[in-house]
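J.: sequence and predicted structure are below.
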Amino acid sequence: MEFQQEEQNEVNFQQYAEILKRRWYVTAGILGAVFGLTAFVTFQQKPVFEAQSKMLLKQGGASALTGLNQRVGELTGLTNFSSPVETEAEVIRSNPLVQKTIDDLNLKDNRGKPLKPLAFLRQLKVKTIKGTDILELAYRDTSPQVAADTVNTLVNNYLESNISVNREEATSARKFLSNQLPKIEQNVVIAEAALRRFKEQNKVVALEEEAKGDVVALGGLLGEITKAKATLSGVATRSAALQNELNLTKDQAVELSTLNESAGVQQVLANYQKAQDELAIAQTRFTKEHPTIKSLAAKEQALRQQLEMRVGKIVDNKQPVNEKDLQIGKIKQELTGELVKSEVERLALDSQVQVLQRAYSDNQAKLRDIPKLEQQQRALERRLQVAQLTYQQVLKQLQEVEVVEKQKVGNARVVSNAVAPERPISPNILLNLLLGGVLGIILGVGMALLLEAMDKSLKRVDQAQRLFGYPLLGKIPQIAVPSGGSAQELPVLNDPYSPATSAFEMLLTNLGFTISDQTLKTIVVTSSIQGEGKSFVAANLALAKAQMGYRVLLIDADMRRPRQHKIWEQPNFTGLSEILVNQSNLQAGAFEASYNLDVLTAGTIPPNPTALLDSQRMVSLIEEASSNYDFVVVDAPPLTLVTDALLLSKLVNGILFVGRLGVADTGAITAARTQLEQSRQRVLGMVINGVKENIRYGGYYSKGYREENNKKNKDKDKDEKSGYKLPPIRMG
């Protein structure tokens, strides 16, 4: 796995090297432009000097000398993340200080106008020295003295501003405290008055002592209540016993006692009883209708009504009272009197218990209110205490601030003043040139890679293999081919020991292994787009096959843009199109281009090439060629332009696909591959044309061997010119 990764990295590096080699002019141009511009700007710059000054920031300052709790002018941050030193650095960069420094030194810009604060800040650098409370100020200028004066003036202005701000803070604090002191004093008076009113309203002198006295009084009341309840219990028991004995309620006992003691009731009762006696005696003597009986009955009735009337006035009871209850015995009368007295005593004791209980409840309620009163009193006392303490603190701070206001001590001091520097800090010629070179290389390489990414053309052999997916049968090295056609397009014929000739020989060898079920006799050579060298490959492939002793026929089937007649420098008056319309035949149309090689050009360009290629005459022609020749090469148009190559592929053993680096693009390759897959024609493989790699097939031959063979070839040419030809050698 590690070996594969290293190999992949090496391949990627080689790919980048190839890209830079192809785009060297872009990289070199950008590098030269950037480096030259950097050098020009560097040497045109004026020397810049930097003067530095250091300043120590102190905690507290003037206010710290007075011991104020809230120190005026103290360097502190609002949050834990705040940095007082950084805050003061921003104060130094503030526009008021910068503008005052510009005005004091009458600083000008390059055009002679007053320097703007923004331009001043671009030349100013304020930073903290790590681990210290020291600020370092630096200013850059083309004049060393101006740089030093600017830094010193800015530091002095900051120190003056710091002292002024501290004094202004002290003055503001004094005014504020002076205004607040009468209000705070008034709060003390209000708190004292509120406490006094509370004691007067609640009649409180000392709540704690009063609470103790109420507790003692509450205990005494509780004892009296207990004693009274015990006495009441005894009286109630005696009343209950008398009621049981007399079989009377307390109300009935009172009524009977009252009626028995009433002289009017007793007198009427006696007369009533006498009238009853007389009536009873008369009834023994007379009938009911007798006047005496009626008179006595009327008398009895009148006395009865009078008795009821008098009893009703005394008792006020709607129910009638029995006559026996109106006249009781002495003992019962005495017991009834005792019951009445006992009931009166019980009522008195019950009233006494209620009074004691009310007094106990009142004292208990007062005790319950004491904690609330104490809480209110403590709140008022606290308010008074806070008001008094605030008054004392404000009064003390006012006195301290008045002292601070008169002091002239700041929060900073100068550690070292700026001096005029002797050496400039810029431009750094070596560094600038180095950076310019590095930047030029980065931009140049980046532009080369960008152009490479934007270029969709085929660039590498491995890329072609990945896109085509067909076996790679050969790689033809790049050779110069003039646009007008020349013998240089036939390296197999004119330079038999060149790398190109070796490449075509290797291609022929690999073609022999492409199919195993039949003899490879006919192939179609095509490409994805125009300009990939398919005609060049077809011509040299046929020539290489012929040199191996086979009879070969090369057919130019590209009847739209034919090239074989240009490659062989032959006329194109009669060719394939004439044969397909029955105006000629194969023997008359083909010409001998080389030993064992006949070439059939495209002929006159017809108006309907596709119809001619898809005809039965074309089928017969291919069959005739297969019979008369050992190997037939058909040069077909590109796949993405017309369908001629697909039509011809049905008549041959297979297709040889040609791709040229730098010409074919990924879109055309994908489209061509899709057409081949849909047609389901046999693709023998592909050959990559225009490879710039160092293919040294021809290097196998030594110089002497090459010269010897060249001499033999010259002798052969002489023999051929003299009319003598070597017999053909049949290989394979």
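T.: That came in fine, so what should we check first?

J.: helix or strand for residue 473, which one?
T.: strand 472-477 (DSSP states H and E).

J.: show me what the following helix or strand past that strand is packed up against.
T.: Next helix or strand after strand 472-477 toward the C-terminus (DSSP H and E): helix 491-494. Helix 491-494 makes packing contacts with helix 499-511, helix 534-547 when contacts are defined by 3 or more C-beta pairs under 8 Å, 6 or more residues apart in numbering; DSSP states H and E. For the C-beta atoms, the positions are set from N, CA and C on the backbone; glycine is no exception.

J.: tell me which of these is the most buried.
T.: Compared across the helices and strands packed on helix 491-494, helix 534-547 shows the largest average neighbour count, a mean of 26 (mean count of other C-beta atoms under 10 Å).

J.: what's the angle between that helix and strand 472-477?
T.: If you take axes from the mean of the first three to the mean of the last three C-alpha atoms, to 10 degrees, helix 534-547 sits at 100 degrees to strand 472-477.

J.: would you mind writing the CA trace of helix 534-547 as CSV?
T.: What follows is helix 534-547, C-alpha atoms only, in CSV (Å, rounded to 0.1, in the frame of the first residue of the first chain):
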residue,chain,number,x,y,z
LYS,A,534,-6.2,9.0,-38.4
SER,A,535,-5.1,9.3,-42.1
PHE,A,536,-1.5,9.5,-41.0
VAL,A,537,-1.8,6.4,-38.8
ALA,A,538,-3.7,4.5,-41.5
ALA,A,539,-1.1,5.3,-44.2
ASN,A,540,1.9,4.3,-42.1
LEU,A,541,0.1,1.3,-40.6
ALA,A,542,-0.6,0.0,-44.1
LEU,A,543,3.0,0.8,-45.2
ALA,A,544,4.4,-1.1,-42.2
LYS,A,545,2.2,-4.1,-42.9
ALA,A,546,3.4,-4.1,-46.6
GLN,A,547,7.0,-4.0,-45.6
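
J.: and the angle from it to helix 499-511?
T.: Interaxial angle, helix 534-547 versus helix 499-511 (the same axes, to 10 degrees): 80 degrees.

J.: can you pull the contacts of residue 102?
T.: 114-115, 117, 120 (C-beta atoms under 8 Å, 6 or more residues apart in numbering).

J.: and if you look at residue 238?
T.: For residue 238, the contacting residues are residue 342, by C-beta under 8 Å, 6+ apart.

J.: where does residue 150 fall, secondary structure wise?
T.: According to DSSP H and E, residue 150 maps onto helix 144-201.

J.: and residue 345, which of the three is it?
T.: helix (DSSP: H, G, I helix; E, B strand; the rest coil).

J.: what's it in contact with, if anything?
T.: residue 235.

J.: ok, 10 Å please
T.: 231-232, 234-236, 238-239 (C-beta atoms under 10 Å, 6 or more residues apart in numbering).

J.: go on, residue 414?
T.: 53-56, 152, 155-156, 158-159.

J.: buried only: go through those for me.
T.: 53-55, 152, 155, 158-159 (16 or more other C-beta atoms under 10 Å).

J.: need those in a markdown table with distance to residue 441 and pLDDT, can you?
T.: What follows is these, written out as a markdown table (distance: C-beta to C-beta, whole Å; pLDDT from 0 to 100):
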| residue | distance to residue 441 | pLDDT |
| --- | --- | --- |
| 53 | 40 | 90 |
| 54 | 40 | 89 |
| 55 | 43 | 88 |
| 152 | 44 | 92 |
| 155 | 44 | 89 |
| 158 | 45 | 88 |
| 159 | 50 | 86 |
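
J.: now those residues as a markdown table including distance to residue 29?
T.: Listed next are those as a markdown table, based on distance: C-beta to C-beta, whole Å:
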| residue | distance to residue 29 |
| --- | --- |
| 53 | 47 |
| 54 | 48 |
| 55 | 51 |
| 152 | 49 |
| 155 | 50 |
| 158 | 51 |
| 159 | 56 |
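
J.: for those, which one is nearest residue 466?
T.: For those, the residue nearest residue 466 by C-beta to C-beta is residue 54; the value is 65.0 Å.

J.: before we move on, back to that, who are the packing partners of the strand holding residue 473?
T.: Contact here means 3 or more C-beta pairs under 10 Å, 6 or more residues apart in numbering; DSSP states H and E; on that basis strand 472-477 packs against helix 461-468, helix 499-511, helix 534-547, strand 654-660, strand 683-691.

J.: rounded mean pLDDT for the last one, please.
T.: Okay, so that is strand 683-691. Mean pLDDT, computed over strand 683-691, is 86.

J.: need the per-residue pLDDT for the closest residue to residue 539 other than its chain neighbours.
T.: Among residues not flanking residue 539 along the chain, residue 567 sits closest, at 5.0 Å (C-beta to C-beta, 6 or more residues apart in numbering). What the model reports as pLDDT for residue 567 is 91.

J.: surely residue 567 touches residue 494?
T.: No. Contact criterion C-beta atoms under 10 Å: residue 567 and residue 494 do not qualify, at 11.8 Å.

J.: and those two? Which one has more around it.
T.: Taking neighbours as other C-beta atoms under 10 Å, residue 567 and residue 494 compare with residue 567 leading, 25 against 12.

J.: quick one, phi/psi of that one?
T.: The phi/psi pair for residue 567 (degrees, to the nearest 10) reads phi -60, psi -40.

J.: which positions in stretch 616-631 come out as buried?
T.: 618, 621-622, 624-626, 629-631.

J.: no further questions, thank you.
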